[in-house]
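A.B. asks: Got a sequence here, can you model it:
(one chain, ligands or ions: 1)
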Amino acid sequence: MNRTSFFAAIVLIFGGFTLANAEEKDVEHLNSHWGYAGATGPENWGSLSPKYSTCSQGANQSPINLKNFTEANLPPIEFIYNSQATEILNNGHTVQVNFPPSTAAIRVDDTTFELKQVHFHAPAENQIDSRFFDMEAHFVHADASGNLAVVALMMQNGESNIALEGLWGELPAKADGPHSLSTRFFAQQMLPVEKDYYRFSGSLTTPPCTEGVRWLVLKQPVPVSAQQVKAFTALVGGHGNNRPVQPINARTVLR
Ligand SMILES: [Zn+2]
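C.D. replies: Next up is the predicted model:
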């Protein structure tokens, strides 16, 4: 190696490091220092920040293995899902699509909960009677006072999920801000025909693990292909983005 190429190699190596470090920092910043593995993994979320203490102290945490069922004759969820998502976002923890304000909602408990976003976990977070699923979609809604209602949709390996095909063509490779979505994605298209559901009280499944969330878990799973799961998992670090199931404690699950 001559002198010039030696220096060129040094510049290349250090230049490479600097770029890699800057990218890592950006991602870390977006992640707010929590993740799904190692020192910042779910077992340690509660001690990473005082803001996250509910993750370890809470008694009504999500996800759970749904059991202890109580027969409840639950009224149907009224889905008013007419609008399409306008943005897609890889936040380093998941891929999320955002809906414009006041365009889609559900009605539960005589209250309107506006659809804010849909995001994904692979493998699924909740289990039903100890059954595992390959992926889970969370439809996150809030009422006018900020109370949350999450509709959870289980996805199991099988055929390609047609509703996801357009979205998956626009998955942002890197964690950064929202991109406008060119494909037409309606939340309605993802829902199963049968909309019976389980209901329990739980929390956000990510820090700060805030409780008081109405969880509405649809009983009927929809298919997702192994390739779709793989493409998603590759974007969120190559490992699962699912919090392990939490103690059910005194809760019952209505069905
Ligand atoms: Zn979620």
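A.B. asks: going forward, measure contacts between C-alpha atoms and count neighbours the same way
C.D. replies: OK.
A.B. asks: What ranges does the stretch 101-250 of the chain have for its helices?
C.D. replies: 162-168, 226-235 (DSSP state H, counting those that start in this stretch).
A.B. asks: Report the buried residues of the last one.
C.D. replies: Put plainly, it is helix 226-235. Of all the residues in helix 226-235, those buried under the rule 16 or more other Cα atoms under 10 Å are 228-229, 232-233, 235.
A.B. asks: picking up where we left off before, figure out which of the helices of the stretch 101-250 of the chain is closest to residue 68.
C.D. replies: For residue 68, the closest of the helices of the stretch 101-250 of the chain is helix 226-235, at 30.0 Å, according to Cα to Cα.
A.B. asks: In the protein, where is pLDDT below threshold?
C.D. replies: Of all residues in the chain, those with pLDDT under 70 make up the ranges 1-32.
A.B. asks: Ends of stretch 217-225, what's the gap?
C.D. replies: According to Cα to Cα, to the nearest Å, stretch 217-225 extends 21 Å from its N-terminal end residue to its C-terminal end residue.
A.B. asks: do stretch 87-105 as well
C.D. replies: Using Cα to Cα, the end-to-end distance of stretch 87-105 comes to 17 Å.
A.B. asks: gap between it and the chain center?
C.D. replies: Stretch 87-105 has its C-alpha centroid displaced from the chain centroid by 10 Å (Cα atoms, centre = their mean, to the nearest Å).
A.B. asks: Give me the residues contacting that stretch.
C.D. replies: Judged by Cα atoms under 8 Å, 6 or more residues apart in numbering, the contacts made with stretch 87-105 from elsewhere in the structure are 27, 30-31, 35, 79-86, 112-121, 141, 170-181, 232, 235-237, 241.
A.B. asks: buried set for it?
C.D. replies: Of all the residues in stretch 87-105, those buried under the rule 16+ other Cα under 10 Å are 87-99, 104-105.
A.B. asks: cool, stretch 240-251 as well?
C.D. replies: Using 16+ other Cα under 10 Å, the residues of stretch 240-251 that count as buried are 240-246, 248.
A.B. asks: And stretch 140-150, by the same measure?
C.D. replies: With burial defined by 16+ other Cα under 10 Å, the residues of stretch 140-150 counted as buried are 140-143, 148-150.
A.B. asks: so what's residue 186 bridging to?
C.D. replies: In this entry, residue 186 is beta-bridged to residue 84, by DSSP bridges.
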